Each structure stands twice: as C-alpha cells, then as structure tokens.
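Engineer: no FASTA, just this:
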C-alpha cells in the first residue's frame with residue numbers, strides 16, 4: 001500500500017495518468033483514492049465472519065472469490081483504467097504468491113485481456129542483513145517468480161529502518177545499485 005501510494009505520486013508528478021486498483025480485501029484504510037476497490041465485491045472481515053475463517057484462510061477465500069468473479073474485475077478495469085498506468089495493491093500474505101494459484105490465475109487473465117503486467121516484489125531490507133535471512137528472502141522471491149510466471153522486479157523496502165537494527169553484516173549503501 002505504501003509502495004503503491006508513493007509510486008502513484010511519483011508517476012503523477014511525471015504527469016502520467018495513474019490509477020490504483022485495490023485487490024486487498026482486508027485493506028480498509030487506504031491512503032490513496034483507488035479507481036477500483038475489491039472491497040466493493042468482497043470484504044475480508046465479512047468472509048471471515050460468515051465462514052468462520054482466520055485471517056489466512058479468509059484471504060485465500062477472498063482471492064478465490066475474486067478469481068471466480070473476474071467478469072466484475074474486467075468490467076471495472078475497462079470502465080475506469082483503460083489507457084492509464086495501473087498499480088495493483090495486493091495483500092501481503094506471501095503464500096498467495098508462492099503456494100496458491102488464484103493470484104497467478106488472476107494475473108494470467110489480465111494478460112489475456114491485453115494488460116502488460118509486471119510483479120514488483122517488496123523485500124524488507126532487514127531480511128538481507130545476514131546470510132541466512134538473505135537466502136530465505138531470495139528463495140521466497142524465486143518461488144513467487146516461478147509461481148506467477150511473469151516479469152518480476154525485486155525491490156528492497158524499509159531502507160530507512162535498517163539503521164535501527166544496529167550493526168549489520170553489510171553496509172546499507174552496498175545494497176543499493178551504484
């Protein structure tokens with residue numbers, strides 16, 4: 001959400017017409033105006049309550065529901081997003097991108113509808129502060145890349161918080177490209 005908001009502001013400053021599509025059914029506190037909000041179709045809290053699911057099961061149910069109602073998404077995108085840069089704000093549950101097929105199927109449909117898509121995978125920079133965490137983060141990113149089968153960009157996030165971790169095995173500057 002923070003990334004989508006910041007990139008949207010950046011693209012707006014470049015005078016590129018940009019919209020955000022919220023596909024996170026549990027995000028009811030958006031810092032931006034979205035062109036399409038999946039919460040008009042399904043809400044995580046309601047799904048959890050109705051089907052007695054926890055947060056993870058509720059998110060899986062919601063993503064499957066979105067997948068089953070892709071006609072709604074296609075109509076919303078055609079009506080509100082055609083000809084614009086579109087940012088999709090997704091849930092943060094990593095299993096949706098590494099082990100479950102709904103997000104991949106939704107992305108494939110977007111491609112079938114002639115949308116050019118690219119996944120931006122955010123990795124908390126503190127996960128790269130030592131070797132074992134870095135390997136874990138790299139494997140999660142690779143797993144998402146393999147599952148989603150689309151162009152993929154890994155971005156280190158929360159670089160401003162790295163200094164709070166104390167002494168790191170690497171200098172934060174070395175994590176940035178020259």
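Structural biologist: That came in fine, so what should we check first? Note that the structure is predicted; figures quoted are calculated from it, not measured.

Engineer: contacts and neighbour counts: CA atoms only from here.
Structural biologist: Fine.

Engineer: burial of residue 30, as a residue count?
Structural biologist: 12 (other C-alpha atoms under 10 Å).

Engineer: again but with residue 22, I slipped
Structural biologist: Residue 22 is flanked by 25 other residues according to other C-alpha under 10 Å.

Engineer: so what's it bridging to?
Structural biologist: Here residue 22 sits in beta bridges with residue 37, residue 89, going by DSSP bridges.

Engineer: list the contacts for it?
Structural biologist: Residue 22 makes contact with 34, 36-38, 88-90, according to C-alpha atoms under 8 Å, 6 or more residues apart in numbering.

Engineer: distance of the most centrally placed residue in the chain from residue 21?
Structural biologist: Centroid-nearest residue in the chain, with C-alpha atoms, centre = their mean: residue 90, separated by 3.4 Å. Shown here: residue 90 relative to residue 21, a distance of 9 Å by C-alpha to C-alpha, to the nearest Å.

Engineer: distance of residue 137 relative to residue 22?
Structural biologist: Residue 137 is 25 Å from residue 22, by C-alpha to C-alpha.
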